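Novice: Sequence and computational prediction follow.
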Amino acid sequence: MGIAERRSLRSCITRPTRPQKTILAVFAFLFIFYSLTPSDSPLRSFFRFQHNVIQDYYQNNHPSDSWLFKPQPYPVDPINDVAIIIKTGFGTRNRVSKALQALGNESFFADTVVVQDFPLLPDQTNLTLANGKKVPVVDIIRWNLERGALKGHEHDERIMKYSTLCEAIEGEEWMLADGLGKNMGWEIDAMKFLPSLEYVWQNLPKKKWYIMADDDTYIIKSSLLLLLGHLNYGKPHFIGNPVGDYKGRFPHGGSSVAMSGAALSKLFDQHPEVVAEGHQESPTAIWGDKLLSTTFMKVGIYLDESYRRFFNGEPPWMTRMWIDRFCLPLLSFHSLGSGDTMLHVGETFKDMTEPVFWGQLGKIYGAPDFKSFIAEPIRSNIDFVGRLDEYSTTVDEVKEVDACVKICHEHPNDCLAWTFDLGREKCHFARWAIVGDHVEGRFSGVNGQLGQKLETSCHSPR
């Protein structure tokens with residue numbers, strides 16, 4: 001290389017200016033500072049929350065389901081690769097047999113454990129799945145106390161309440177026990193999450209996946225297996241339906257929570273001191289699902305919100321079929337504890353061999369098809385919007401139902417369903433639709449054009 005060429009090269013490589021050096025120094029300092037902060041620090045939580053907001057915005061505006069129909073790199077055998085943890089309390093103990101029967105209707109015969117916060121009753125010693133597989137029942141609070149994980153807290157208020165409940169049950173004072181179970185069940189429930197997971201890890205190790213659910217939660221096996229088959233169980237996965245602010249995002253326990261075996265191994269095998277801290281916090285924790293999440297955070301495992309749209313915390317008839325979830329698998333239902341609701345759901349989905357998608361719920365429960373709303377847009381005494389929240393839109397001083405229909409049509413990509421409240425002169429519309437709730441005096445409808453567009457955008461199962 002000649003002198004002229006070297007001079008030309010040096011002229012192209014300019015030294016950074018002072019402002020550029022300052023910016024680089026600031027970024028370097030922030031990177032080093034971020035790397036040195038604890039895994040559960042507010043700083044990291046803030047940046048993760050902002051990342052999730054951006055990711056959620058993108059998924060909301062660019063929903064995709066094509067990846068689900070590619071070959072599964074990590075297929076799952078539900079009988080051998082999955083463990084199910086069902087949480088129950090004394091006040092809801094009668095739900096357990098129905099939950100097991102409903103799961104059995106769909107041939108979900110994974111190894112299952114029932115964890116509770118009261119002594120075992122005689123009728124709990126022979127719980128089985130439909131195929132005869134035994135389902136062990138564990139008083140998880142007693143288990144945690146007897147092994148010393150709650151040492152120093154034996155006389156805390158919450159544990160004393162648990163002891164009072166146990167004494168009432170063992171003394172067969174059923175009215176007292178029922179009252180105690182209903183009044184303080186949520187407090188004791190907060191102490192069940194972490195020890196339940198540890199117990200199952202010790203007794204059912206080396207499963208690829210661990211699923212925790214409430215006793216009024218139904219899990220659709222075919223949809224669950226479709227999702228899990230695309231996730232590497234050899235990596236620490238912690239997924240569910242996120243709630244909470246940026247300082248402590250955690251999965252809604254009623255929607256069910258999925259954790260890979262690698263996540264449990266990292267927590268319980270590699271960081272027993274962090275687990276011990278979590279047990280010590282449980283007697284004062286408000287929410288057990290949040291305590292589980294913050295404990296995972298301390299070892300660098302965070303709730304992955306990429307798959308939030310698969311989990312559902314509502315019963316089928318109130319489930320909101322969102323525009324951005326329409327073509328995705330629906331994994332769970334919640335709030336199925338009253339009467340024989342759980343059994344009805346189990347019967348409805350027992351013959352579903354293919355994954356169930358959000359957009360199919362209307363057909364499964366006999367709701368009118370989208371085409372019918374094009375010819376007949378208005379239905380009386382019914383509501384297709386359901387629960388209103390910050391994601392729905394309300395327009396005041398709407399005098400006529402036709403005006404509400406017009407408002408929905410003015411938002412062709414954001415209004416899937418509308419409802420008109422004549423008495424209050426309000427028009428509500430939302431980016432979702434429910435199968436239909438009977439409400440006297442309401443007029444409601446679904447955007448048939450948008451519904452048909454969503455149906456054609458979904459890929460078909462192989």
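Specialist: Received, thanks.

Novice: Contact partners for residue 251?
Specialist: 238-243, 257, 289, 293, 303, 311 (CB atoms under 8 Å, 6 or more residues apart in numbering). C-beta here means a position set from N, CA and C on the backbone, and glycine is covered the same way.

Novice: Equivalent analysis for residue 140, please.
Specialist: 115-117, 192, 195-196, 199.

Novice: Buried subset of the residues you listed as a PyMOL selection?
Specialist: This is how PyMOL selects the buried members of the contacts of residue 140, with burial counted by 16 or more other CB atoms under 10 Å:
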select buried, resi 115+116+117+192+195+196+199
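
Novice: on that earlier part again, now intersect the contacts of residue 251 with the helices, please.
Specialist: Among these, the members found in helices (DSSP state H) are 289, 293.

Novice: which of the contacts of residue 251 has the weakest pLDDT?
Specialist: Within the contacts of residue 251, the minimum per-residue pLDDT falls on residue 243 (87).

Novice: Confirm for me that that residue is in contact with residue 255.
Specialist: No. Contact between residue 243 and residue 255 fails when scored by CB atoms under 8 Å: they sit 9.1 Å apart.

Novice: who's more crowded, the two?
Specialist: More crowded of residue 243 and residue 255, by other CB atoms under 10 Å: residue 255, with 25 against 19.

Novice: Next, work out how far apart the more buried one and residue 218 are.
Specialist: 11 Å (CB to CB, to the nearest Å).

Novice: list the residues that contact both of these two?
Specialist: In contact with both residue 255 and residue 218: 332, 334, using CB under 8 Å, 6+ apart.

Novice: Show me what the mean pLDDT comes to for the helix or strand containing residue 60.
Specialist: Assigned by DSSP states H and E, residue 60 belongs to helix 42-61. Per-region confidence: helix 42-61 scores 67 on mean pLDDT.

Novice: C-terminal to that helix, which secondary structure element comes first?
Specialist: helix 78-81.

Novice: Identify all contacting residues around that following helix.
Specialist: 108-110, 207-209, 221, 225, 233.

Novice: redo that, cut-off 6 Å
Specialist: Contact with helix 78-81 is made by 109-110, 208, as judged by CB atoms under 6 Å, 6 or more residues apart in numbering.

Novice: Look at the closest residue to residue 70 other than its chain neighbours and report its pLDDT.
Specialist: Nearest residue to residue 70 in three dimensions, chain neighbours excluded: residue 230, at 7.8 Å (CB to CB, 6 or more residues apart in numbering). You'll see residue 230 listed with a pLDDT of 96.

Novice: tally of neighbours for residue 230?
Specialist: Residues lying near residue 230 (other CB under 10 Å) number 16.

Novice: Backbone dihedrals for it, please?
Specialist: phi -100, psi 0 (degrees, to the nearest 10).

Novice: Please, where are all the helices along the stretch 51-200 of the chain?
Specialist: With helices called from DSSP state H, counting those that start in this stretch, the stretch 51-200 of the chain shows them at 78-81, 95-105, 140-146, 157-170, 174-189, 193-203.

Novice: quick one: buried residues of the last one?
Specialist: Think helix 193-203. 193-201.

Novice: Could you do the shortest one as well?
Specialist: Buried residues in helix 78-81, counting neighbours by 16+ other CB under 10 Å, are found at 78, 81.

Novice: roughly how far is that helix from the heart of the chain?
Specialist: With CA atoms, centre = their mean, to the nearest Å as the basis, helix 78-81 stands 21 Å off its chain's centre.

Novice: So which other helices or strands are in contact with the helix or strand harbouring residue 212?
Specialist: When secondary structure is defined by DSSP H and E, residue 212 falls within strand 209-214. If you count contacts as 3 or more CB pairs under 6 Å, 6 or more residues apart in numbering; DSSP states H and E, strand 209-214 packs onto strand 82-87, strand 257-260.

Novice: between those strands, which gets nearest to residue 136?
Specialist: Residue 136 lies closest to strand 82-87 among the helices and strands packed on strand 209-214, at 11.0 Å (CB to CB).

Novice: Partner strands of that closest one, with direction?
Specialist: Sheet pairing of strand 82-87 (DSSP bridges) gives strand 111-116 (parallel), strand 209-214 (parallel).

Novice: thinking again about what came up before, out of the buried residues of helix 193-203, the closest to residue 399 would be?
Specialist: When the buried residues of helix 193-203 are compared against residue 399 (criterion: CB to CB), the nearest one is residue 193, at 50.8 Å.

Novice: before we move on, the earlier item: any of the contacts of helix 78-81 buried? List them.
Specialist: Members of those classed as buried by 16+ other CB under 10 Å are 109-110, 208.

Novice: hang on, the earlier thing: from residue 224, how far off is the residue nearest to residue 70?
Specialist: 12 Å.

Novice: Likewise for residue 261?
Specialist: Counting by CB to CB - residue 261 and residue 224 are separated by 15 Å.

Novice: quick one: which of the two has more around it?
Specialist: Using other CB under 10 Å as the criterion, residue 261 and residue 224 rank with residue 224 on top: 25 against 21.
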